[in-house]
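>>> Pasting the sequence and the predicted model now:
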Amino acid sequence: MFDYPIFEMPFIGHRLLFAFDAILHVFISHGAAVGGSIILALTQWLAIKNNDHKLDALSYKILFTFFILATAVGALTGIGIWIHINIINPAAIGALLRVFFWKWFIEWIVFNAEMILLLWLFLIWKKHPLGTPGKQKVYKLVVSYAVASWLTMAIITAILGFMMTPGNWLKSYFPAEPDYVAALFNPSWIPSLGFRTFWSIAWAAAMAMLLTWFFTKKDLELRQKAMRLYGTVLLVCIPFFVLFGAWYYAQFPQAAKDLFWMGAITRRLAAHPEYATYLISGLAGMVLIGAVSIYTKPKHAPVFLAVIMLIGSMGLIGEFERVREFVRKPYIIYDYMYANGVRVADVPYLNKTGYLKHAAFVPPEFREVTEQNKLVAGKYLYQMQCRYCHTTNGINSMKMRTIGMSEEAIYIRIGSLNSPATPFMPPFTGTDAERKALAAFLASLATHDQPALAYQKQLDEVTK
Amino acid sequence: MSDFRIIPGDIPLPLPTMGLEFMEPFFHGLLIVAWVVHILFINVLLGASLASVYFNSKGHKEKNPIFDRVAYLLTTPVTISENMGALWGVAPLLLVSILLTPLFYSSSIMISPHWLHIIYGNVVAFLLSYLYKYTWHTLEHRKTLHIFIGTVGVALFYTLPLAFMANVQLAMTPSTWTYTTHFWDALLRADTFFRLVHFYLATFAVTGVFMLVYGMYKRKSDDAEDHEAGVVLTRTGKTWFIIPTVLNFFVGPLVLFSFPDYGIEAFFENGYFWGIILTVALALFALYQLLKDFFNDDLPAKRVWTVVAVMIVAIISMASLRHGMRMGLVKPVLDASHAKTELFQKESMIAFEEAKNAPVAPVITQADVQPGQVLAEKHGCLACHNVDIKVVGPSYKEVATKGYTADQIVELVKNPKPENWPGYMPMPPMPQVPDEDIKQIAEWINSLK
């Protein structure tokens, strides 16, 4: 984006950098916090109802693990998502914050409640053991904590839904005037919330099963009881999230549905959508085999089955998030802003006047393309429009993507980035001279033995 | 304008004020309060975690269980303040993101990837602090290891303010931006350095006040060890408050005078110095309260609460004037940024309307164009193939020389054979294109010979 400085993540690229934090966050927040709190409430309810001291003790151990994960990793990587987009795509997060400020603010208040409840719960738990009147208070805290965690997810899901299916949120482009209510009640909010709720519970149940295995090595009776409980929860959730998932999918824009199979595997394998089916059924099979066999033989099932189940679940969750991110391309906010931060409505103007002209953080001597500066100008263009999804020589590298192509060929190709062959790419934005500069820079990556050298020479000459 | 080389653009969406006049001042007020709460938690986190490790090793060396107890007691405020501190960092981040978008986002990017340290460094420090706390009894007899874990965690926590301070200081001084400013430029500057010193000293002072309160409660305890620990906390709290506060009287002016000139002008013109005078007066009063009772281990509750109340007022006064000063520093750039964005939008709108009303080019309907060519355009083949020259894929004239049948081409589009074209990248399979369409495209390709 032309309004901001450039930070380039070498080699691994921005997508992976972001995905690392985001996936970690989803695993922990959905499992240890949202699903985990619901599981915990259920366990407490049963323990109190049956005056079951062992189940109560087990649930404390699980709470403890979830507490560590949720506070140290879940909460921080959640803030991390924001910090990452902040430096990767400031225009997008800036826009989202303006439209969703109050929802985020409310989320923050609920998040406060969640955190205070959790800390409080954690600090008083042992003071009120089972059988004392204080236990009711503990139980109420657990339930409130569960409600608060779920509410934070409900609000964030609205924002995620908005990015894919913003609905009729923009009353006018110039000046931009959002319809805040329409943005909140965007078409995929409710279905995606249902979808996430149920898989969070299922995923938390899977985590709880693995933990149970470790915490009940000496008490197989307790293991049987707990595994049956969590196994039931997991299996019951499956049909629900499948149903909500289908409803959610139905809300996708057609163009996003068309990208579904490519997102599920890779572009190279697009001819074989059956591979995606194998992958997803394989992962689902791991979860089911693990869950069903632990459920039927809790005392004998080896820990390896719980691990398989966990890996399968993580694979499915990761796959879902990957597809969701992929099919939204070429946009970051559907129909409003491209993945590289360019607003769709600004494209005609930028094409007419030039992209570099408006680039605040590009030194003025590179804002007009000339024969002398075109490699450097081209690199700026690459950094401002392409590095969101590409690197120069790492993952999805420009070097590999343009291999064997002449400068002329690259120039032609850049003119149709958004064509039906590659609908996931935003169009190149800028004047013809800028397009040539970008082509020159990309060609220099592949053809020069030492691309850095030619580039450096120009940089030195122009800036000296 | 010569002070500012770089004027970033703003987000072209309205502020979420819901059309209410008072919302903007409210945002600023909220920012001040949330920021203060955040910083106070962070101060206690840094101070208490360091104190805990300090007393832990002191207790170990001197074989004194009271110090060990003090150290253990301090882990509870660490847990609470690390969580609440992170949480209360979110509100300022939210508000800064809408009020100072162009400045704060730009500085965050300039100091990246180091800015990410506040996430990853924090996660590791958090985990270490939990490890330190929850292995207290397990590692009772392996104190060296235990103290080591604590020390690494604390050291890591102390690196986080470096990233924060570099960012905030850079965001507040857009007159210093260049096209190549990065993290170390921002960190190794006099103003950032003095602010860091000021901040770390304040951290000890705030923790000192916290210890006075915590110590007061523990002194009331029936447990003899807790009571003794309370006495130690009270004593430590006094020293921790007094020494850094006095030092900060000297560091404060250094911070002020390392700001750019126009900021200092704003400071004096807008009367912010009254805020400083008030803060100093209150701090002196708090010092007097404690010095009076310096050798009294049984510091009365009234005295403790007086110090707390006085210091809260002092901190709010300090935070408000600092906010005013910041806004003075950034206002010229923010105004320029808004104006720039407005102009851009106005011109962009004209181009947008023009493009919308422009007649659609009727090339495709010409009689001499074969349906195959139209379909090739529609399905994006022409993004990679040209009739005459090699682009990503071979030119269609060259493909035509191979003499494929239509069915062969259908198969090749769905399952390309890159080995037929050495030196080219592999064509991505395009199973979404209907067979019928490919056949027509094939006909057109073969007509090109």
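That came in fine, so what should we check first? Residues are numbered from 1 along each chain as shown, chains lettered A, B, ... in the order given.

>>> Could you pull out the helices in the stretch 251-400 of chain A for me?
Listed in chain order, the helices of the stretch 251-400 of chain A (DSSP state H, counting those that start in this stretch) span residues A:254-258, A:260-264, A:273-296, A:303-327, A:347-353, A:374-385, A:398-401.

>>> nope, the stretch 251-400 of chain B is what I meant
With DSSP H, counting those that start in this stretch as the criterion, the stretch 251-400 of chain B has helices at B:261-269, B:273-292, B:301-357, B:371-378, B:396-400.

>>> now could you export just the CA positions of the first one as CSV?
Output for helix B:261-269, consisting of C-alpha atoms alone and laid out as CSV, is shown next (Å, rounded to 0.1, in the frame of the first residue of the first chain):
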residue,chain,number,x,y,z
ASP,B,261,11.7,22.3,19.1
TYR,B,262,8.1,22.7,17.9
GLY,B,263,7.0,20.2,20.5
ILE,B,264,8.7,22.1,23.3
GLU,B,265,7.1,25.3,22.0
ALA,B,266,3.7,23.6,22.2
PHE,B,267,4.6,22.5,25.7
PHE,B,268,5.1,26.0,27.0
GLU,B,269,2.5,27.7,24.9
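
>>> which residues touch it?
With Cβ atoms under 8 Å, 6 or more residues apart in numbering or on different chains as the test, helix B:261-269 has contacts from B:3, B:173, B:175, B:256, B:257, B:259, B:272, B:273, B:325, B:328, B:329, B:332. C-beta: built from backbone N, CA, C; applies to glycine.

>>> Report the buried members of those.
Buried members of the contacts of helix B:261-269, counted by 16 or more other Cβ atoms under 10 Å in any protein chain shown: B:173, B:175, B:256, B:259, B:272, B:325, B:328, B:329, B:332.

>>> what about the closest residue to chain B within the stretch 351-464 of chain A, neighbour count?
Residue of the stretch 351-464 of chain A nearest chain B, by Cβ to the nearest Cβ: residue A:421 (2.9 Å). Number of residues near residue A:421 (other Cβ atoms under 10 Å in any protein chain shown) recorded here: 21.

>>> Closest to residue A:117 out of the buried ones among the contacts of helix B:261-269?
residue B:325 (37.6 Å; Cβ to Cβ).

>>> Enumerate every residue touching that closest one.
B:259, B:263, B:266, B:267, B:272.

>>> now these in JSON lines, with pLDDT?
Listed next are the contacts of residue B:325 as JSON lines, based on pLDDT from 0 to 100:
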{"residue": "B:259", "pLDDT": "90"}
{"residue": "B:263", "pLDDT": "87"}
{"residue": "B:266", "pLDDT": "85"}
{"residue": "B:267", "pLDDT": "86"}
{"residue": "B:272", "pLDDT": "89"}
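
>>> In the stretch 151-300 of chain B, what residue lies closest to chain A?
Using Cβ to the nearest Cβ, residue B:179 is the residue of the stretch 151-300 of chain B that sits closest to chain A, at 4.8 Å.

>>> Identify the residues contacting that residue.
For residue B:179, the contacting residues are A:361, A:362, A:363, B:6, by Cβ under 8 Å, 6+ apart.

>>> Against residue A:156, how distant is the residue nearest to residue A:250 when sequence neighbours are not counted?
Leaving aside its chain neighbours, residue A:250 sits nearest to residue A:191 (7.7 Å; criterion: Cβ to Cβ, 6 or more residues apart in numbering or on different chains). Note on residue A:191: its distance to residue A:156, by Cβ to Cβ, to the nearest Å, is 15 Å.

>>> ok, the residue nearest to the spatial centre of chain A - contacts?
Taking Cα atoms, centre = their mean, the centroid of chain A lies closest to residue A:22, which sits 4.8 Å from it. Contact partners of residue A:22, counting by Cβ under 8 Å, 6+ apart, are A:77, A:81, A:84, A:321.

>>> burial of the nearest residue to residue B:394 once chain neighbours are set aside, as a residue count?
Among residues not flanking residue B:394 along the chain, residue B:421 sits closest, at 6.0 Å (Cβ to Cβ, 6+ apart). Counted by other Cβ under 10 Å, the residues lying close to residue B:421 total 18.

>>> Have a look at the contacts of helix B:261-269 and tell me the least confident one.
Minimum pLDDT for those is recorded at residue B:3 (74).

>>> Check the spacing between it and residue A:241 real quick.
To residue A:241, residue B:3 is 56 Å away according to Cβ to Cβ.

>>> Quick check: residues of the stretch 301-449 of chain B near chain A?
Contact residues, the stretch 301-449 of chain B versus chain A (Cβ under 8 Å from any Cβ of the partner chain): B:344-352, B:354-355, B:378-384, B:386, B:389-392, B:414-415, B:423-426, B:428-432.

>>> all strands of chain A, in order?
Taking DSSP state E as the criterion, chain A contains strands spanning A:170-172, A:177-178, A:331-333, A:337-338.

>>> picking that back up, just so I know, which of the helices of the stretch 251-400 of chain A lies nearest residue A:61?
Closest among those, using Cβ to Cβ: helix A:303-327, at 15.5 Å.

>>> one step back: identify, from the contacts of helix B:261-269, the entry nearest to residue B:152.
residue B:173 (33.2 Å).
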